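Q: Task: produce atomic coordinates for the following.
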Amino acid sequence: MQTSPAVEDAVGTVAAASESRRLRVFRFKRGDERPHYETFDVPTIARTTVLDALRWIQNHRDRTLALRHSCLHASCGTCGIRVNGREALACVTRVRDLGREITVEPVANLPVLTDLVVDMREFFIRFPDEHPSVRESEFLPESEPPEGIEAFERYEDCIECGLCLSACPVVVTAERYVGPAALAWTERVVEEPRGGDVANLLAWADDPDGVWRCHAIFECTAACPSNVNPAARIMSLRGTLLGRRLRAHRREDHAT
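A: Numbering: from 1, shown residues only. Predicted coordinates for the structure are as follows:
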């Protein structure tokens, strides 16, 4: 009697596989003339994620498969990829929801380093120079940090996964466009400055390759796993800039 193969998920839980899925995985190594795809039949259970399946391939079929991951619960953005042509976080995307054959590719609009790993520097250089990874929290100023912690820090809602940039159709034809993540961050600072240089950031956003380059297709919002809603934030920035222009024109009219 043949037994089902054992499957281990990302947190180490082992169970007997009930069925398999075929993964068609994008492959590219330095020196390759062009990228190609390789297929793998992967045993799965109901809770198997795309990340679980890719790690199974690493452990049992091809240790050279390169991918990125970290937190395993959609908080870090590290495992951003495209699955069946749509942006997703591999760690929370279940293979049972994707059909029998699943195509896995790196995110778009960023240089591929190897296999599913892209160069995220091209994502971060689109942000203005003032962009920090974290900012000091101003919540509950009367509270005291626990012993050994100097200050509280507040993480922003954007997890900087790059999925919005990958989904953006404008970036394909306008490489200088700063992209939805950088503009959403800018609107976030305008909304709650906390010492940020709002005037400078608005001047940075008020550029042909800034808020005015967006075509308002809302693909970035659809791709965002953190409910940042980049498209709406870009529209809000436009409204702020137009309001400032209108007020400036009124002042000029009054002056004359």
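Q: which stretches of the chain have low pLDDT?
A: Along the chain, the parts satisfying pLDDT under 70 run over 1-17, 132-143, 151-156.
Q: Please enumerate the strands of it.
A: Counting by DSSP state E, the chain has strands at residues 6-8, 14-16, 19-27, 36-44, 80-83, 86-89, 101-105, 112-114, 117-118, 135-136, 153-154.
Q: for those strands, which one sits closest to residue 189?
A: Proximity to residue 189 (Cβ to Cβ) singles out strand 135-136 among the strands of the chain, at 9.0 Å. C-betas here are computed from N, CA, C, even on glycine.
Q: hang on, the earlier thing: ranking the strands of the chain by burial, who's on top?
A: Here the criterion is mean neighbour count by mean count of other Cβ atoms under 10 Å, and of the strands of the chain the winner is strand 80-83, at a mean of 24.
Q: any idea how far that strand is from the chain center?
A: Between the mean C-alpha location of strand 80-83 and the chain-wide mean there is a distance of 9 Å, by Cα atoms, centre = their mean, to the nearest Å.
Q: Centre-most residue in this protein?
A: Geometric centre of the chain, nearest residue: residue 161, 2.3 Å, by Cα atoms, centre = their mean.
Q: okay but it is in contact with residue 77, surely?
A: Yes - shown here, residue 161 and residue 77 form a contact pair, counting by Cβ atoms under 8 Å, at 2.9 Å.
Q: Overlap of the contact sets of those two?
A: For the pair residue 161 and residue 77, residues contacting each of them under the criterion Cβ atoms under 8 Å, 6 or more residues apart in numbering are 89, 225.
Q: Skipping adjacent residues, who's closest to residue 69 in space?
A: Counting by Cβ to Cβ, 6 or more residues apart in numbering, residue 79 is the residue found nearest to residue 69 once chain neighbours are left out, at 4.2 Å.
Q: hang on, isn't that neighbour packed against residue 87?
A: No - contact status for residue 79 versus residue 87: not in contact, 11.5 Å apart, counting by Cβ under 8 Å.
Q: Relative to residue 54, how far out is residue 114?
A: In this structure, residue 114 lies at 14 Å from residue 54, with Cβ to Cβ, to the nearest Å as the measure.
Q: Please disregard the earlier target; I meant residue 169.
A: From residue 169 across to residue 54, the span is 27 Å (Cβ to Cβ).
Q: got it, and residue 61?
A: Taking Cβ to Cβ as the measure, residue 61 and residue 54 are separated by 10 Å.
Q: just residue 119 next, same as before
A: With distances defined as Cβ to Cβ, the gap from residue 119 to residue 54 amounts to 19 Å.
Q: More neighbours: which of the two?
A: residue 54 (25 against 11; other Cβ atoms under 10 Å).
Q: So which residues of the stretch 101-250 of the chain form helices?
A: 121-124, 163-167, 170-173, 180-191, 198-205, 219-223, 230-255 (DSSP state H, counting those that start in this stretch).
Q: Of those, which stretch is the most buried?
A: The highest average neighbour count among these, using mean count of other Cβ under 10 Å, belongs to helix 163-167 at a mean of 28.
Q: so what secondary structure elements neighbour it?
A: Contacts of helix 163-167 with other secondary structure elements, assessed using 3 or more Cβ pairs under 8 Å, 6 or more residues apart in numbering; DSSP states H and E, are made with strand 80-83, strand 86-89, helix 180-191, helix 219-223.
Q: Right, I'll call it a day here.
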